[in-house]
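*Asks:* Fold the following for me, if possible:
(chains A and B)
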Amino acid sequence: MLTRRTFFAIATLAAAVGFGSASHADALADITARGTLRVAVPQDFPPFGSVGTDMAPMGYDIDVANLIAEKLGVKTELVPVTSANRIPYLQTNKVDLVISSLGKNPDREKVIDFSAAYAPFFNGVFAPGDLSVAKVEDLSGKTVGVTRGAVEDLELSKIAPADTTIKRYEDNNGTISAFLSGQVESVATGNVVAAAILAKNPPKRPELKFLIKNSPCYIGLSKEQPALLEKVNGIIAAAKADGTLNAIAQKWLGTDLPKDL
Amino acid sequence: MSYHFEFGWLLQYYPQIVKGILITIELIAIGGVLGISLGTFCAWVRALGPAWLKPVIAAYVELIRNTPFLIQLFFIFFGLPSLGLQLNELTAANLAMIVNLGAYSCEIIRAGIQATPKGQFEAGASLAMTPFETFRHVVLVPSLQRMWPALSSQVVIVMLGSSVVSQIAAEDLTFAANFIQSRTFRAFEAYIVSTAIYLALAILLRQVLSVVGGLIFQRRLTR
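*Replies:* Numbering: from 1, shown residues only, chains lettered A, B, ... in the order given. Model (predicted):
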């Protein structure tokens, strides 16, 4: 009885797996045949993806999507997703790629594959160029502004020297205002927030002093698609080499790509 | 209601809460004393002071009484640095409270002064008091005594209003509650505790003001 049930379970599983992989046998071939690349992009997460005044999506992720489609010689079909449904869209074959500021973690790696990193996403301590801080110990005796309860607040509270003054503001705007008005010498925040400050071209320019947590963005694609994965990785590598990706980073984040990306 | 209360964290965050209470008390102690002093001066100007100063004080009182406290605080903390005046968050919070209470208490004390019967000024003059002596002994003290309950209420309102100084990262009692809330995600407990502490502080402050008022005015009567 037990063996029969086990056998039945295995057979069902095998059928399901077989059927599943058969349904998108070779995604790259499908894309080429279809002539369009379906990409899940964010629409509410500037500067990675947002809707412009002309109602067209724009952002870092959209530029990368267009770049990949162009190199594949197909048209881009942008599919707006939220951060909650971007992986289900890929699993149910509604999109070919997820370019939606997606971070890599073991849980996600169980269900989808990841390309090489295509965008920097990190938080760290930022300050104007003349403040000499290179590592967390250098914050000794200095003032850092953070947004209360943010990841940076939790991490920095653990690692900062005891005589660092951490000023906790209610939201990112408070933190940014405190930095720009000189109430704090430095801020601990995400590179996206720093980019938003840089975009305003302020007199005090937040430059990265050291990283707190690094979690770059990867392109997500279905499992078992070696041809597509290789192609996408090739395009990213070429774009990094010829400066195309750096131009996108300059356009949306206001800084060069980190060397180790 | 099936909310499971959990107050175990109180012990762990005890230093933050105590620090928050002390800062709130410090803010209202400095803000209260200096604010009422400023208000008294402004009330004197508006009721009896030199004509050229009256419009200046009137403008200040109207400006402060017709704008939100939070905006005044942001202006001092985030705005003034652009003019080269950099104040830390506690100084900025204190200054905002002094300026705010100054304007409100000015109007309260002025009402007291203007309710003084004319005969009282004349009585002072007939005792060969200088105008300043008349103002101090015959007009101001009875005015303050008359308006003391209203002034006390205003001080309590400013103390409760000081909860917004956490917006500029001053670590008062509200900051402590928000901090605990963002670390433990136990919003209900954090705010129940801070509500109870604010209530206790407000009742205590009223008692203190009532005792202080009793001392000031009693001594005057028996002298």
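*Asks:* Contacts only, for A:Ala178.
*Replies:* With contact set as CB atoms under 8 Å, 6 or more residues apart in numbering or on different chains, A:Ala178 has these partners: A:Gly145, A:Lys167, A:Tyr169, A:Val184, A:Val187, B:Phe78, B:Ile168, B:Ala169. No exception for glycine: its C-beta is placed from N, CA and C like everyone else's.
*Asks:* List phi and psi for the residue of the stretch 1-150 of chain A found nearest chain B.
*Replies:* Residue nearest to chain B within the stretch 1-150 of chain A: A:Gly149 (3.2 Å; CB to the nearest CB). Main-chain dihedrals, A:Gly149, degrees, to the nearest 10: phi 90, psi -10.
*Asks:* Find the helix or strand that A:Val146 is a member of.
*Replies:* strand A:143-147 (DSSP states H and E).
*Asks:* and the next helix or strand after that strand, how far from the chain's centre?
*Replies:* Using DSSP H and E, the helix or strand that follows strand A:143-147 towards the C-terminus is helix A:151-159. Relative to its chain's centre, helix A:151-159 lies at 21 Å (CA atoms, centre = their mean, to the nearest Å).
*Asks:* who does helix A:151-159 touch, helix- and strand-wise?
*Replies:* strand A:122-127, strand A:143-147, strand A:165-169, strand A:186-190, strand A:207-214 (3 or more CB pairs under 8 Å, 6 or more residues apart in numbering or on different chains; DSSP states H and E).
*Asks:* now that helix against strand A:207-214, angle please.
*Replies:* Angle of helix A:151-159 versus strand A:207-214, following axes from the mean of the first three to the mean of the last three CA atoms, to 10 degrees, is 90 degrees.
*Asks:* which residues of chain B score low on pLDDT?
*Replies:* B:1-2, B:219-223 (pLDDT under 70).
*Asks:* phi, psi of whatever residue of it ends up closest to chain A?
*Replies:* Closest to chain A within chain B is B:Ser182: 3.2 Å, counting by CB to the nearest CB. Main-chain torsions, B:Ser182, degrees, to the nearest 10: phi -80, psi -10.
*Asks:* Look up how far B:Gln207 lies from the closest residue to B:Leu173 other than its chain neighbours.
*Replies:* Leaving aside its sequence neighbours, B:Leu173 sits nearest to B:Gly20 (CB to CB, 6 or more residues apart in numbering or on different chains; 3.9 Å). Distance of B:Gly20 to B:Gln207, given as CB to CB, to the nearest Å: 21 Å.
*Asks:* hmm, back to that, helices and strands around the strand holding A:Val146, which ones?
*Replies:* With contacts taken as 3+ CB pairs under 8 Å, 6+ apart, strand A:143-147 sits against helix A:151-159, strand A:165-169, helix A:172-180, strand A:186-190.
*Asks:* Extract the C-alpha set from it and format it as PDB.
*Replies:* What follows is the C-alpha trace of strand A:143-147 in PDB, where atoms were taken according to Å, rounded to 0.1, in the frame of the first residue of the first chain:
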ATOM      1  CA  THR A 143      27.200  62.300  13.600                       C
ATOM      2  CA  VAL A 144      25.200  60.100  11.200                       C
ATOM      3  CA  GLY A 145      21.600  60.600  10.200                       C
ATOM      4  CA  VAL A 146      19.400  57.600   9.400                       C
ATOM      5  CA  THR A 147      15.700  57.000   8.900                       C
END
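*Asks:* Can you list the strands that it pairs with?
*Replies:* strand A:165-169 (parallel), strand A:186-190 (parallel) (DSSP bridges).
*Asks:* Give me the buried stretch members for the next helix or strand after the last one, please.
*Replies:* To tie it back to what came earlier, the one meant is strand A:186-190. Heading C-terminal from strand A:186-190, the first helix or strand you meet, by DSSP H and E, is helix A:191-199. Neighbour-count burial for helix A:191-199 flags A:Asn191, A:Val192, A:Val193, A:Ala194, A:Ala195, A:Ala196, A:Ile197, A:Leu198 (criterion: 16 or more other CB atoms under 10 Å in any protein chain shown).
*Asks:* for the fourth one, what are its contacts?
*Replies:* This points to A:Ala194. Here A:Ala194 is in contact with A:Phe126, A:Val187, A:Pro206, A:Leu208, A:Thr255 (criterion: CB under 8 Å, 6+ apart).
*Asks:* before we move on, what about the second one?
*Replies:* The contact partners of A:Val192, by CB under 8 Å, 6+ apart, come to A:Pro47, A:Phe48, A:Phe121, A:Leu253.
*Asks:* what's the closest non-adjacent residue to the last one?
*Replies:* It refers to A:Leu253. A:Ala195 (4.2 Å).
*Asks:* That neighbour contacts A:Trp252, doesn't it?
*Replies:* Yes: assessed by CB atoms under 8 Å, A:Ala195 is found in contact with A:Trp252 at 7.1 Å.
*Asks:* Now do the shared contacts for those two.
*Replies:* By CB under 8 Å, 6+ apart, the residues touching both A:Ala195 and A:Trp252 are A:Pro47.
*Asks:* circling back: output the contacts of A:Val192 as TSV; include the columns pLDDT and neighbour count.
*Replies:* As requested, those are exported to TSV (pLDDT from 0 to 100; neighbours: other CB atoms under 10 Å in any protein chain shown):
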residue	pLDDT	neighbour count
A:Pro47	89	19
A:Phe48	92	26
A:Phe121	92	20
A:Leu253	89	22
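*Asks:* Isn't A:Ala227 up against A:Asp30?
*Replies:* No: between A:Ala227 and A:Asp30 there is no contact under CB under 8 Å: 10.5 Å.
*Asks:* show me where chain B has helices.
*Replies:* B:9-12, B:14-48, B:54-65, B:69-74, B:89-114, B:118-126, B:131-133, B:141-161, B:173-184, B:187-222 (DSSP state H).
*Asks:* Counting by contacts, list what the second one packs against.
*Replies:* Contact analysis of helix B:14-48 by 3+ CB pairs under 8 Å, 6+ apart lists helix B:54-65, helix B:89-114, helix B:141-161, helix B:173-184, helix B:187-222 as its packing neighbours.
*Asks:* With mean neighbour count added, can I get those helices in JSON lines?
*Replies:* Formatted as JSON lines, the helices and strands packed on helix B:14-48 follow (neighbours: other CB atoms under 10 Å in any protein chain shown):
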{"stretch": "helix B:54-65", "mean neighbour count": "14"}
{"stretch": "helix B:89-114", "mean neighbour count": "22"}
{"stretch": "helix B:141-161", "mean neighbour count": "19"}
{"stretch": "helix B:173-184", "mean neighbour count": "22"}
{"stretch": "helix B:187-222", "mean neighbour count": "14"}
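*Asks:* Brilliant, that's me finished.
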